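[1] Quick one: sequence plus predicted model below, questions after.
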Number of protein chains: 2
Amino acid sequence: MRRGSNQLRLADFNQAVVLDVLRRSPGASRADLQRASGLSPQTISNITRRLIDDGLIRESTPSGSTRGRPSIPLVIDRDGAFSVGVHIDPARLTMVLLDLEGEVRHQRQQRTPQATNPPQVTALIADSVDALIADAGVDRERVLGLGIAAPGPLDVQAGVILDPPQLPNWRNVKLRSDLHHATGLPVLLDKDVTAAATAELRSSAEPPDAFVFLYLGSGVGASVVIDNQVFRGTTNNIGEVGDLIVDPDAEQLEWSGRRGGLAAACVPEALVIQAARLGLLPLPNLNDYLAIDDSCTALCDLAAGGDGGAIRILERAAKRVAVGLGVLVNMLDVPRVVLGGPLWTRLSGAFLPVLPQHVARELVVARDIVVEGSAVGEPVAALGAAELVMDHFLAPNPSALMVGA
Amino acid sequence: MRRGSNQLRLADFNQAVVLDVLRRSPGASRADLQRASGLSPQTISNITRRLIDDGLIRESTPSGSTRGRPSIPLVIDRDGAFSVGVHIDPARLTMVLLDLEGEVRHQRQQRTPQATNPPQVTALIADSVDALIADAGVDRERVLGLGIAAPGPLDVQAGVILDPPQLPNWRNVKLRSDLHHATGLPVLLDKDVTAAATAELRSSAEPPDAFVFLYLGSGVGASVVIDNQVFRGTTNNIGEVGDLIVDPDAEQLEWSGRRGGLAAACVPEALVIQAARLGLLPLPNLNDYLAIDDSCTALCDLAAGGDGGAIRILERAAKRVAVGLGVLVNMLDVPRVVLGGPLWTRLSGAFLPVLPQHVARELVVARDIVVEGSAVGEPVAALGAAELVMDHFLAPNPSALMVGA
């Protein structure tokens, strides 16, 4: 095992409560912390001393406006701790380094290694994480852990990728423990859509929020936030919507997905098969996710350039996706739909002008429905994974499961 | 307005807390209540005195086994208060009278009045409620209120039935205030599937529970319980699943619903059209919900009697319903599906032997899935409506909206 696990002492519940108050109320004094936490002055004194020693918080300059002995404002030290989020889409690996103030300090995106054996993939991801931390120029000892967002189905309890249809060489991979051994960092594994909804909710301007998040990447998935809570499902596998039928009259594709299903409507593989049928593009090797991804980019470029055939393919895809979103909104009764993921960036130009009215037509109960792109953008799932790691170490009541912590 | 509103003083929060403890822990002493509630001995003394005066609780006999002055056990008086739940399905009106211990004391089912104007319907429901209370032989002064479970879409805030496709003469009916004026009782209005899920959850043996509830009546709807919480949607209109496509190759019916949709798969209207096409039954008047309901009963009887054509219709319906349930389970990641409603009683014989394996085949993530009929049975939505009324008056933090309380 490489070294790298941090030495920060973060297990204490009271300490987490104090840090949580400071994250929400920068500049609070020790007296403020005492009032907010209900802890004794002596406990607050000990905890703040320890947090300062650990470099997680620091004393700021009191404003001179009040009479008497001024109370010293305490603030989070943004360089005090970091977390890394890695989003594994079969075609694109997106990584972010998050600081203690919740800001993304560094990010990178690269092609997902198409290795045929899991140990090779694990090693390549570990190398990319090393490079991310090194490029960011932060102290590796202060990296709390690594969060992985991956397509399902997952066994989140065991930290295992089961058999995602989109990752054919990743059957029963113990990704959490493998990456822990490869990086020396504590690691958590969660579903891509759960991580994405987490980051989207944090960026939300108007809590309490409720929305459906539709993830578009090499695969399609959904998650749901109700009353500011991200639902993950009883086995943490929420949002398998690829088989949802959205077009009963859809053509049969040379493809394993369900005819007329939401996956057949919008995943890159299905779109490039449709484009090849029209002679717009040569059919790529369908066992090669990178080639499929490149073809899909070419298709979106053709549409953006005014190619009629490409535009019709994407318009039809938007209509079909709208049927799927209508089903989710009709079932869950939410006022907002957010779309994101590595494919969304390329589809949004064609989708956004038409999607809201298509979705509105599907609704059984008349309502104003907001349909929009992610406020976070393409790194949404990676950011969510990094936030889940921060929560694990810093929130008083974390829910995520982590190995090595 | 008829008289009948009760005189019970139930608005006090502390009193609700005390009553809630006693509903959960029958036989608690005043000292037990003090410990459980954190209230002062004087407050507990006042509240219990008032609850005894109001006839909501009574003193029981202390067991003589402890030394010293025995503490007096307090218990709920089941005759202290009642609530009425009415479930309006277009074909069947189901009513229950619930006592303070949560037991159904009386119930009745009748054909829903097919009146063409809402005031007439309101008057008929009010008469039925009067008859229910009279037949049960309880003191009308002790009936806390009336809960109505109705098909959506509803404006629950305003207590208005908007324009349910299954109730063609019920557009923008102010059912809550109309029934309050007609009965003199406080009234709440909620969606049929929300009420049904509430009652099913209360009857659940194994909390924390998570399940999808599929309502089968003149229409089809769904609700979802996660972590013991009934989700109602941001506009209280959860579960509009009739348009969910379950069979892309389905026949076009002479009917307004979506071809291949879940409603076309299983509502009585669609089933009797299919039966008439096969010559199994004469086509009933499709503007008459009672005639449709009777035809559907005849179809189910034919299948139970071994008629091949009728059996094939119901088997195909079960397969299609399974596709819809698969979509919901794949999306929401719940371990259990419960079916109920006035049509379920007639379909369960044909559905239950085949439905679990059909649903299992639809699942993307392999799991043990429980597919079963409601533990409550046909009055599930009426019971839930009555429970929502009890909660409104007796629970410390009720959520339902009620007029006249």
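    That came in fine, so what should we check first?
[2] Under the pLDDT cut-off, which ranges of the stretch 51-200 of chain A? List them.
    Within the stretch 51-200 of chain A, the set of residues satisfying pLDDT under 70 comprises A:64-69, A:115-116.
[3] Following element in sequence after the helix or strand that contains A:A275, please.
    Element membership of A:A275 [criterion: DSSP states H and E] is helix A:268-277. Tracing the chain past helix A:268-277, the next element assigned as helix or strand by DSSP H and E is helix A:289-304.
[4] helices or strands next to that next one in the packing?
    Secondary-structure packing of helix A:289-304 (3 or more Cβ pairs under 8 Å, 6 or more residues apart in numbering or on different chains; DSSP states H and E): helix A:268-277, helix A:308-332, helix A:344-351. Every C-beta, even on glycine, is put in place using the N, C-alpha and C of the backbone.
[5] what's the closest non-adjacent residue to the residue in the stretch 1-150 of chain A positioned nearest to chain B?
    When Cβ to the nearest Cβ is the measure, the stretch 1-150 of chain A has its nearest residue to chain B at A:A150, with 13.8 Å between them. Among residues not flanking A:A150 along the chain, A:I88 sits closest, at 4.7 Å (Cβ to Cβ, 6 or more residues apart in numbering or on different chains).
[6] Quick one: neighbours of that neighbour, just the number.
    A count of neighbours around A:I88, defined by other Cβ atoms under 10 Å in any protein chain shown, yields 30.
[7] and what of the one 4 residues further on?
    Applying the criterion other Cβ under 10 Å, we find 20 residues in the vicinity of A:R92.
[8] distance of it from A:Q114?
    With distances defined as Cβ to Cβ, to the nearest Å, the gap from A:R92 to A:Q114 amounts to 12 Å.
[9] same question, A:V193
    23 Å.
[10] Between these two, which is the more surrounded one?
    When A:V193 and A:Q114 are compared on other Cβ under 10 Å, the one with more neighbours turns out to be A:V193, at 34 against 16.
[11] which element is the more buried one on?
    Assigned by DSSP H and E, A:V193 belongs to helix A:192-202.
[12] Now the closest residue to A:R78 other than its chain neighbours: phi and psi?
    What sits nearest to A:R78 in space, not counting adjacent residues and going by Cβ to Cβ, 6+ apart, is A:E101, at 4.2 Å. Taking degrees, to the nearest 10, you get phi -90, psi 0 for the backbone angles of A:E101.
[13] same check, this time on A:A149
    Here the main-chain torsion angles of A:A149 (degrees, to the nearest 10) amount to phi -100, psi 120.
[14] Give the bridge partners for it, please.
    When bridges are taken as DSSP bridges, the partners of A:A149 come out as A:H87, A:D190.
[15] other SSEs contacting the helix holding A:V193?
    Where contact means 3+ Cβ pairs under 8 Å, 6+ apart, helix A:192-202 is packed against strand A:82-88, strand A:143-150, strand A:211-216, strand A:220-226, strand A:229-231, strand A:336-340, helix A:380-394.
[16] one more time with 7 Å
    Counting contacts by 3 or more Cβ pairs under 7 Å, 6 or more residues apart in numbering or on different chains; DSSP states H and E, the secondary-structure elements packed against helix A:192-202 are strand A:143-150, strand A:211-216, strand A:220-226, strand A:229-231, strand A:336-340, helix A:380-394.
[17] Return the alpha-carbon coordinates of it using PDB.
    Only the C-alpha atoms of helix A:192-202 are listed here, as PDB (Å, rounded to 0.1, in the frame of the first residue of the first chain):
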ATOM      1  CA  ASP A 192     -23.000   8.400 -10.200                       C
ATOM      2  CA  VAL A 193     -26.600   9.700 -10.000                       C
ATOM      3  CA  THR A 194     -26.600   9.900  -6.200                       C
ATOM      4  CA  ALA A 195     -23.300  11.900  -6.300                       C
ATOM      5  CA  ALA A 196     -24.600  14.200  -9.000                       C
ATOM      6  CA  ALA A 197     -27.900  14.900  -7.100                       C
ATOM      7  CA  THR A 198     -25.800  15.700  -4.000                       C
ATOM      8  CA  ALA A 199     -23.700  18.300  -5.800                       C
ATOM      9  CA  GLU A 200     -26.700  19.700  -7.600                       C
ATOM     10  CA  LEU A 201     -28.600  20.100  -4.300                       C
ATOM     11  CA  ARG A 202     -25.600  21.900  -2.700                       C
END
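[18] hmm, back to that, in the helix holding A:A275, what's buried?
    With burial defined by 16 or more other Cβ atoms under 10 Å in any protein chain shown, the residues of helix A:268-277 counted as buried are A:268-276.
[19] List, one by one, the residues from chain A near chain B.
    Taking Cβ under 7 Å from any Cβ of the partner chain as the contact definition, chain A meets chain B at A:152-153, A:210, A:222, A:226, A:231, A:233-235, A:237-241, A:243-245, A:248, A:260, A:327, A:330-335, A:364-365, A:367.
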